[in-house]
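Novice: build me a model from this:
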Amino acid sequence: MNQELILKMEKISKSFPGVQALSDVDLEVFKGEILALVGENGAGKSTLMKILTGVYQKDKGRIIFKGKEINPQNPHEAQKLGISIIYQEFNLAPNLDIATNIFLGNEPRKGKIIKLFDYHKAFQESYKLLNLLTLNLSPDTLVKDLTVAQQQMVEIAKALAQKSELIIMDEPTSALAGKEVQKLFEIMKKLKEERISIIFITHRLEEVFEIADRIIVLRDGKRVGELPAQKDKYDEVIKMMVGREVSVAPKPPTKQDTIILEVKNLSSKKIKNISFYLKKGEVLGIAGLVGSGRTEIIRAIFGADPKIYGEIYLDGKKVEINSPKDAIKLGIGLVPEDRKLQGLILNMAVFENISLASLKYLFPNGIIKSALEYTLAQKFVEKLQIKTPSIFQKVVNLSGGNQQKVVLAKWLALRPKILILDEPTRGIDVGAKAEIHKLIGEMAKEGIGIILISSELPEILALSDRILVVSKGRITAELTKEEATQEKIMQYAII
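Specialist: Reported below is the predicted structural model:
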């Protein structure tokens with residue numbers, strides 16, 4: 001690897017009211033290098049990158065880029081210097097075409113007096129960039145018509161159009177399937193060959209060892225180590241991140257025989273003839289590729305998607321679930337895949353989010369008693385070990401793992417019979433993930449029937465009592481804990 005330094009951040013510190021977010025953090029990136037920046041949620045990764053891109057201003061320290069000290073005051077200034085960031089939530093205008101998105105804020109102009117947007121030039125330059133990224137699309141395609149993976153490539157094209165020499169990728173694979181991830185990695189390798197540097201932020205450590213050259217680990221706002229990205233360093237990286245060793249502990253098997261949920265021939269627009277049962281205290285895993293119909297099954301059960309036909313039985317009695325409201329009344333809760341969009345009201349406090357689904361039952365006369373609401377929230381903050389300064393803290397200020405715990409607390413406050421978990425550990429760090437795994441085991445032990453959807457097969461295998469495999473909207477296999485393996489699940493997932 002070429003050892004020409006492109007970026008050096010020295011002794012960077014940043015504090016917010018009551019929180020020391022970064023303390024004397026150093027970070028170096030070499031030209032044409034893929035550097036993985038890892039750490040738990042709240043470790044300081046995002047804060048460090050926001051300082052680099054001008055979103056935040058550092059309290060102290062120096063940033064040296066291409067041999068010169070810089071101090072960007074905003075992201076646009078950072079882009080002009082050659083530093084771009086691609087966030088997990090894309091910064092695209094869905095109703096505009098690819099070419100316009102690529103050059104938005106960086107438009108080529110024509111005309112001597114009135115400088116008009118030169119769309120023809122933007123189209124031609126976009127076409128070249130799409131070819132470079134081996135993306136077979138016309139630049140006049142609307143962004144809203146693209147897949148998530150294609151939108152990711154448009155974000156990369158935007159960075160290249162700005163002549164970026166350092167690109168920060170924040171959780172770029174979180175919404176991508178296996179083949180799409182490999183495609184992204186091919187592009188990252190191509191950028192590396194062009195001597196473009198990449199800072200790669202992810203919670204998927206297996207990807208770090210596949211694509212990165214070097215790893216820097218942050219914990220509690222401090223740099224705690226640097227390692228080469230070698231697979232034999234996996235346990236060492238995790239230990240650095242959390243300060244202890246972490247693994248996916250297998251859940252003890254369920255011994256209950258009482259069937260609490262039975263689904264017969266359930267069909268909607270995207271699923272066909274889905275039949276299965278769930279026992280009290282059982283964790284039923286649902287595995288399959290992205291787009292296989294996993295989420296559509298649980299949305300139909302929860303009443304979020306209309307069913308075409310099929311029957312649902314709770315405790316042996318046929319029930320009609322035509323809306324989430326019906327499901328909640330019957331004791332079914334859903335922790336959705338997108339916690340920020342569907343699971344939380346980010347600008348509300350922790351206590352308000354926890355009590356949100358229970359207000360009707362806590363206060364049947366419609367008069368909210370704050371003391372009772374506070375007591376409920378405090379109970380679950382302690383029970384789930386939610387890390388927050390207080391129950392009055394806005395949820396938007398919590399780490400991803402603690403936000404997910406607030407969603408779990410919201411449903412546990414309802415004392416559900418059945419809890420559906422859709423990708424419960426997506427986008428959270430290994431420490432918080434282990435805590436969520438422990439909570440799933442505890443909920444099952446209390447007798448709650450759990451339906452678990454996860455793209456991470458080790459998680460499915462460790463936590464599930466039985467596993468349903470879904471492909472093309474159908475259940476293709478039912479496997480016991482003893483007979484299930486990653487290979488066997490994948491075999492049925494691609495049928």
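
Novice: beta partners of the residue nearest to residue 140 when sequence neighbours are not counted?
Specialist: Nearest-residue entry for residue 140: residue 97, 4.8 Å, with adjacent residues in sequence omitted and distances by Cβ to Cβ, 6 or more residues apart in numbering. In short, each C-beta sits where N, CA and C put it, glycine included. Per DSSP bridges, the residues bridged to residue 97 are residue 142.

Novice: mind checking how far residue 411 is from residue 345?
Specialist: 15 Å (Cβ to Cβ, to the nearest Å).

Novice: these two - which one has more neighbours?
Specialist: Using other Cβ atoms under 10 Å as the criterion, residue 411 and residue 345 rank with residue 411 on top: 23 against 13.

Novice: ok, residue 473 touching residue 272?
Specialist: Yes. The pair residue 473 / residue 272 is scored as a contact, 5.2 Å apart, by Cβ atoms under 8 Å.

Novice: more crowded one of those two?
Specialist: Legend: neighbour count by other Cβ under 10 Å for residue 473 and residue 272, higher for residue 473 (20 against 16).

Novice: now do the contacts for the more buried one.
Specialist: By Cβ atoms under 8 Å, 6 or more residues apart in numbering, the residues touching residue 473 are 270, 271, 272, 292, 293, 296.

Novice: pick out the most distant pair among those residues.
Specialist: 272 and 292 (12.2 Å; Cβ to Cβ).

Novice: coming back round to it: quick one: which of the contacts of residue 473 is most hemmed in?
Specialist: Counting neighbours by other Cβ under 10 Å, residue 271 leads these with 25 neighbours.

Novice: contact partners for that one?
Specialist: Neighbours of residue 271 in contact, by Cβ under 8 Å, 6+ apart: 293, 296, 297, 300, 473, 474.

Novice: near the last one, how many other residues are there?
Specialist: Meaning residue 474. Neighbour count of residue 474, defined by other Cβ under 10 Å: 16.

Novice: and the residue nearest to it when sequence neighbours are not counted, helix, strand or coil?
Specialist: Using Cβ to Cβ, 6+ apart and skipping the chain neighbours, the partner closest in space to residue 474 is residue 272 (5.5 Å). With DSSP: H, G, I helix; E, B strand; the rest coil as the basis, residue 272 sits in coil.

Novice: same thing with residue 36?
Specialist: Once three-state DSSP is applied, residue 36 turns out strand.

Novice: mind pulling up the pLDDT for it?
Specialist: Residue 36 is assigned 95 on the pLDDT scale.

Novice: now the helices for the stretch 151-300 of the chain?
Specialist: For the stretch 151-300 of the chain, the helices defined by DSSP state H, counting those that start in this stretch cover 178-193, 205-211, 234-242, 294-302.

Novice: which strands or helices does the last one pack on?
Specialist: Just to be clear, that refers to helix 294-302. Applying 3 or more Cβ pairs under 8 Å, 6 or more residues apart in numbering; DSSP states H and E, we find helix 294-302 packed against strand 259-267, strand 283-287, helix 324-329, strand 332-335, strand 418-422, strand 449-453.

Novice: with mean pLDDT, mean neighbour count and distance to residue 173 added, can I get these in JSON lines?
Specialist: Below are the helices and strands packed on helix 294-302 laid out as JSON lines (pLDDT from 0 to 100; neighbours: other Cβ atoms under 10 Å; distance: least, Cβ to Cβ, whole Å):
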{"stretch": "strand 259-267", "mean pLDDT": "96", "mean neighbour count": "17", "distance to residue 173": "31"}
{"stretch": "strand 283-287", "mean pLDDT": "95", "mean neighbour count": "26", "distance to residue 173": "18"}
{"stretch": "helix 324-329", "mean pLDDT": "92", "mean neighbour count": "16", "distance to residue 173": "30"}
{"stretch": "strand 332-335", "mean pLDDT": "92", "mean neighbour count": "24", "distance to residue 173": "22"}
{"stretch": "strand 418-422", "mean pLDDT": "93", "mean neighbour count": "25", "distance to residue 173": "18"}
{"stretch": "strand 449-453", "mean pLDDT": "95", "mean neighbour count": "25", "distance to residue 173": "18"}
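
Novice: nearest to residue 185, out of the ones you listed?
Specialist: Evaluated over the helices and strands packed on helix 294-302, closeness to residue 185 peaks at strand 283-287, with 23.2 Å, by Cβ to Cβ.

Novice: kindly export that closest one (C-alpha atoms) in PDB.
Specialist: The C-alpha coordinates for strand 283-287 follow below in PDB (Å, rounded to 0.1, in the frame of the first residue of the first chain):
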ATOM      1  CA  VAL A 283     -38.600 -17.900  19.200                       C
ATOM      2  CA  LEU A 284     -39.600 -18.600  15.700                       C
ATOM      3  CA  GLY A 285     -37.000 -17.400  13.200                       C
ATOM      4  CA  ILE A 286     -37.900 -16.300   9.700                       C
ATOM      5  CA  ALA A 287     -34.900 -16.400   7.300                       C
END
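
Novice: which strands border that strand, and is each parallel or antiparallel?
Specialist: strand 449-453 (parallel), strand 466-471 (parallel).

Novice: if anything else comes up later, I'll come back, but that's it for now.
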